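# Show me how the following folds:
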Amino acid sequence: MSVARVTEITSSSAKSFEDAVTVGIERANKTLQNVKGAWIKDQKVIIENGKITEYRITMKVTFVLKD
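Numbers count the residues shown, from 1 in each chain. Below you'll find the model as predicted:
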């Protein structure tokens, strides 16, 4: 039987929401071990001078704790 933990992280990208998710997962994998899934909780954009300059996501990342 395994035990998992969930942590919330925010990530951003100048390209797209998909890229923001990828950046966030890649960064989480540098710190957390056994990352198994993620749930996108929130998405928003930053707008400057009428143009989207940044895509931001907040996600909950699930990882399994070691025995």
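# how near is the closest residue to residue 44 other than its chain neighbours to residue 20?
With CB to CB, 6 or more residues apart in numbering as the criterion, residue 44 has its nearest non-adjacent residue at 5.2 Å, and that residue is residue 56. In this view, the C-beta of every residue, glycine as well, is placed from N, C-alpha and C. Distance, residue 56 to residue 20, using CB to CB, to the nearest Å: 6 Å.
# ok, those two, which is more surrounded?
Per other CB atoms under 10 Å, whichever of residue 56 and residue 20 has more neighbours is residue 20, with 23 against 16.
# who's in contact with the more buried one?
11-13, 55-57 (CB atoms under 8 Å, 6 or more residues apart in numbering).
# Let me have these in TSV, adding secondary structure as columns.
TSV is the format used below for those (DSSP: H, G, I helix; E, B strand; the rest coil):
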residue	secondary structure
11	strand
12	strand
13	strand
55	strand
56	strand
57	strand
